[in-house]
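Enquirer: build me a model from this:
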Amino acid sequence: MGTLLDQIHSPADIKTLTIPQLEQLAQEIRERLILSLSKTGGHLGPNLGVVELTLAMHYVFDTPTDKFVFDVSHQAYIHKLLTGRRERFSTIRQPGGLNGFMLRGESEHDVYGAGHAGTALSAALGMAVARDMAGGKEHVLALAGDAAFTNGITFEALNNISEQTKRLIVVLNDNEWSIDRNVGAIARYLHKIVTNERVTHLHDSASRLLEKLGGKTAINVVRRAEEAAKGMLWPSVFFEEFGLTYYGPLDGHNIGLLIETFKFLKQQDKPVLLHAITQKGRGFQPALDNLKKFHGLGPYDPETGETLSAGQKTYSEIFADTMVKLANENDKVVAITAAMPNGTALDLFRPHHPKKYFDVGIAEEHAVIFAAGMATRGYKPFCAIYSTFLQRAFDPIVHDVCLQNLPVVFCMDRGSLSGDDGATHHGLFDISYLRSVPNIIHMVPANEDELADMLYTAMQHDGPSAVRYPRGTGPGVAVKVQPKALPIGKAEVVRDGDEIAILGLGALLPMAAEMADRLEAQGVSAAVVNPRFVKPLDREMLASYARRVSAFVTFEDHVLMGGFGSAVLEALNEMNFQVPVVRIGWPDHFIEHGKVDQLRERYGITVAAAMEKLAPYLKNSKVRLVAG
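Expert: So this is what the prediction gives:
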């Protein structure tokens, strides 16, 4: 006889179980998560914390008719297990397998795709309003972690809920963590609710008082009592001022209590917020002992939680080490992150310069404008934000930083593919969205030492600058003790040549060198250039090669549309050179999750693809170009 989990083929199967069976199922789900993710990696901690919540939601409501919207959606693994994807769960985040986030094309139960924080309430409200306009009866639930309530979009949604719909359920999953421990006034406020012994029973007390006294007088008494208690006896008034009736806090691991509460909320004809207290990493001691590590990680030992240590420092760690050096020598250097101290490695900077470190929560727009404000007072803010997350702050970059020509440095981690995380996390657009903005300079290092030099260059530059660098490790180049400033807008000619000029941007410089080797083996003289700067481009270098080569080749770990190759084409055109440019980069569509090398092969970001595209442009037609 199999496990209970093996008998769950759809949410309908959950509804036949007793409370003890549901508790057993919760344990089996945790065991499946721990064992399966030990092989594939993934977001273990967040999912271990929402097992009972997800079970209770599916027990009471009926998807896909009822709509579940998960904020970020990295905690939707249990939802996937319960909605017909159990047999494929071992493929999660693997090439061709299940996505690590909600994905509309994957299942009818995934009603809204996500990967960034703060979107659930707005999307759920949109669904609720659409339901109301169509005369529907379905329920809409938004499950958002407490970290999402540090995000401005969440508050924009809260400001509109009671005005736009009469029926919406918001579930606040409160575990005090995003990737790192949550920071700021909202986090302290939620903690105040949780630790106030009188809060839990206050709503019931008010209801009983109304029943005893009755009438208008009682309502006025309670209303005055509520006003007097704001911020002291009744912190939940914060949500009620937004028009959401607050329920909780309650134990987010008590399945019976959760089911009865959801049944009650299902009958409410008003917007409500359920505050559930959960434990991130519940059921796996290594995850409880190291919550940051087990938020999202690669394969690990399912018994001990130990992971392989790469040994070589990542680009993120080189960034943090360099930031320590810069802050040691410059009192005006400060580091800012948006709830990603671990991912950006600024948690390594923080112990050295705690007063120069700022975590503003999941609030990228605020982070950039906050940095702009500091820059007006003579400080040199380095904003460490993933390329994919910096997209959220595009207007502040333009309006608050670049328009005022303020010396803010954007350190864009994950500037390339983010592998197993997929389309929501790939950093493939920052060259396009930044190079059109006046005043900013944009740099891309080819190795670890060059990253340190670029950060040093940015510190000395009196204006906005950006540095993009990939996830993981680089080629292993040693970082010198003292970084040096690079001449702005000047490329490095690695190897000279007269027939083809190959420009390999950043991490793809080795592809340029490999292609040059292949060409020279066939008698074609090829130059290899490390561009270093996307903006400003080294036009002097481009013009020099444009006068003597038959074609340029550009390699970039970025979309072709508006990317580095496009910038080269534009510059050559403006200088009236008609030299062909073979561009190698990512196509004009969203790239799925998968292993980086496999995805590059699939989409032609390879030397072989470049050789094939270059063949028609060789001056010497007698040379037979071999692609392989």
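
Enquirer: can I assume Pro464 is in contact with Ile441?
Expert: Yes - with contact defined as CB atoms under 8 Å, Pro464 and Ile441 form a contacting pair (7.3 Å). (Each C-beta comes from the backbone N, C-alpha and C, glycine too.)

Enquirer: between the two, tell me which one has more neighbours.
Expert: Pro464 (26 against 22; other CB atoms under 10 Å).

Enquirer: and the nearest residue to that one once chain neighbours are set aside, how far from Ala567?
Expert: By the measure of CB to CB, 6 or more residues apart in numbering, the closest residue to Pro464 outside its immediate chain neighbours is Ile440, 4.3 Å from it. Separation of Ile440 from Ala567 (CB to CB, to the nearest Å): 13 Å.

Enquirer: equivalent analysis for Ala446, please.
Expert: 17 Å.

Enquirer: okay, now the sheet partners of the longest strand seen in the chain, with direction.
Expert: Counting residues, the longest strand in the chain under DSSP state E turns out to be strand 551-559. Using DSSP bridges, strand 551-559 pairs in its sheet with strand 500-504 (parallel), strand 581-586 (parallel).

Enquirer: counting neighbours, what do you get for Ile259?
Expert: The burial count for Ile259: 18, using other CB under 10 Å.

Enquirer: test my guess that it contacts Phe61.
Expert: No - Ile259 is beyond contact range of Phe61, at 10.7 Å (criterion: CB under 8 Å).

Enquirer: follow-up on the earlier one: need the contact list for the residue nearest to Pro464.
Expert: Listed by CB atoms under 8 Å, 6 or more residues apart in numbering, the contact partners of Ile440 are 397, 401-402, 434, 463-466, 535.

Enquirer: between those residues, which is closest to Gly523?
Expert: Lys535 (35.5 Å; CB to CB).

Enquirer: residues near that closest one, how many?
Expert: With other CB under 10 Å as criterion, Lys535 counts 21.

Enquirer: and it, backbone torsions?
Expert: phi -150, psi 120 (degrees, to the nearest 10).

Enquirer: domain assignment for this protein?
Expert: 5-196+242-289, 201-234, 315-468, 495-617 (automatic domain parsing).

Enquirer: and among those domains, the most buried is which?
Expert: Mean neighbours per residue, mean count of other CB atoms under 10 Å, is largest over those for domain 315-468, with a mean of 22.

Enquirer: what pLDDT does Lys280 get?
Expert: With respect to pLDDT, Lys280 has a value of 89.

Enquirer: against Glu329, how distant is it?
Expert: 38 Å.

Enquirer: low pLDDT regions in the stretch 301-450 of the chain?
Expert: 309-310 (pLDDT under 70).

Enquirer: among the contacts of Ile440, which two are most distant?
Expert: Val401 and Lys535 (14.6 Å).

Enquirer: beyond whichever helix or strand Ala335 is part of, next helix or strand please.
Expert: Using DSSP states H and E, Ala335 falls within strand 333-337. Moving toward the C-terminus from strand 333-337, the next helix or strand (DSSP H and E) is strand 357-359.

Enquirer: contacts for the helix or strand just after that next one, please.
Expert: Counting by DSSP H and E, the element after strand 357-359 in chain order, helix or strand, is helix 364-376. Surrounding helix 364-376, the residues in contact under the criterion CB under 8 Å, 6+ apart are 152, 334, 336-338, 358, 360, 381, 383, 385, 389-390, 392-393, 395-397, 400-401, 404, 406-408.

Enquirer: helix 364-376 vs strand 333-337, what angle?
Expert: 170 degrees (axes from the mean of the first three to the mean of the last three CA atoms, to 10 degrees).

Enquirer: now do the helix or strand in which Ile169 is found: which elements does it pack against?
Expert: Per DSSP H and E, Ile169 falls inside strand 168-174. The criterion is 3 or more CB pairs under 8 Å, 6 or more residues apart in numbering; DSSP states H and E, and the helices and strands that strand 168-174 contacts are helix 51-60, helix 120-134, strand 140-145, helix 185-195, strand 271-277.

Enquirer: dump stretch 603-612 to CSV, restricted to CA.
Expert: The C-alpha coordinates for stretch 603-612 follow below in CSV (Å, rounded to 0.1, in the frame of the first residue of the first chain):
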residue,chain,number,x,y,z
TYR,A,603,19.6,29.1,-28.9
GLY,A,604,22.9,29.4,-30.8
ILE,A,605,25.1,31.2,-28.3
THR,A,606,28.0,29.2,-29.5
VAL,A,607,31.2,29.5,-31.5
ALA,A,608,29.8,27.0,-34.1
ALA,A,609,26.8,29.2,-34.7
ALA,A,610,29.0,32.3,-35.0
MET,A,611,31.2,30.5,-37.5
GLU,A,612,28.2,29.5,-39.6
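
Enquirer: got the contact list for it?
Expert: 508, 511, 514-515, 518-519, 553, 555, 557, 582, 584-587, 591, 599-600, 625-628.

Enquirer: ok, the residue nearest to Leu4 when sequence neighbours are not counted - contacts?
Expert: Once flanking residues are discounted, Leu4 sits nearest to Leu25: 4.7 Å by CB to CB, 6+ apart. Applying CB under 8 Å, 6+ apart to Leu25 gives the contacts 4-5, 8, 14, 17, 55.

Enquirer: same thing but at 7 Å, please
Expert: 4-5, 17, 55 (CB atoms under 7 Å, 6 or more residues apart in numbering).

Enquirer: how distant is stretch 43-59 from the center of its chain?
Expert: 21 Å (CA atoms, centre = their mean, to the nearest Å).

Enquirer: one step back: just the ones in helices from the contacts of helix 364-376, please.
Expert: Taking DSSP state H as the definition of helices, the contacts of helix 364-376 contribute 152, 389-390, 395-396.

Enquirer: Thr322 is in contact with Leu348, correct?
Expert: No - with contacts counted by CB atoms under 7 Å, Leu348 stays clear of Thr322, the gap being 10.8 Å.

Enquirer: returning to that earlier point: ok, then the element right after the longest strand of the chain?
Expert: helix 564-574.

Enquirer: run through who's touching that next one.
Expert: For helix 564-574, the surrounding residues in contact (CB under 7 Å, 6+ apart) are 431, 435, 503, 505, 534, 537, 539, 542, 546, 552, 554, 556, 558, 560, 579, 581, 583, 585.

Enquirer: same question for stretch 155-169.
Expert: Here stretch 155-169 has contacts from 121-122, 124-125, 128-129, 132, 139-141, 242-244, 265, 269-272, 274, using CB under 7 Å, 6+ apart.

Enquirer: can you tell me, leaving aside adjacent residues, what's nearest to Tyr300?
Expert: Thr307 (4.6 Å).

Enquirer: distance of Lys67 from Leu265?
Expert: The value you get for Lys67 to Leu265, if CB to CB is used, is 15 Å.

Enquirer: list the contacts of the residue nearest to Tyr300.
Expert: Taking CB under 7 Å, 6+ apart, one finds 297-298, 300 in contact with Thr307.

Enquirer: what about it, which SS state?
Expert: Under DSSP: H, G, I helix; E, B strand; the rest coil, Thr307 falls in the coil class.

Enquirer: give me the secondary structure label for Gly594.
Expert: Gly594 ends up coil, using three-state DSSP.

Enquirer: tell me the phi and psi of it?
Expert: Torsion angles, degrees, to the nearest 10, at Gly594: phi 160, psi 180.

Enquirer: I figured it hits Gly97, correct?
Expert: No - at 9.0 Å, Gly594 does not count as touching Gly97 under the criterion of CB under 7 Å.

Enquirer: and the longest helix for the protein?
Expert: helix 19-40.

Enquirer: check which element follows that one along the chain.
Expert: helix 44-48.

Enquirer: contacting residues around that following helix?
Expert: By CB under 7 Å, 6+ apart, helix 44-48 touches 30, 33, 37, 74-75, 77-78, 280-284, 287, 291, 294-295, 297.

Enquirer: in helices, which of those appear?
Expert: If you go by DSSP H, the contacts of helix 44-48 have 30, 33, 37, 77-78, 287 in helices.
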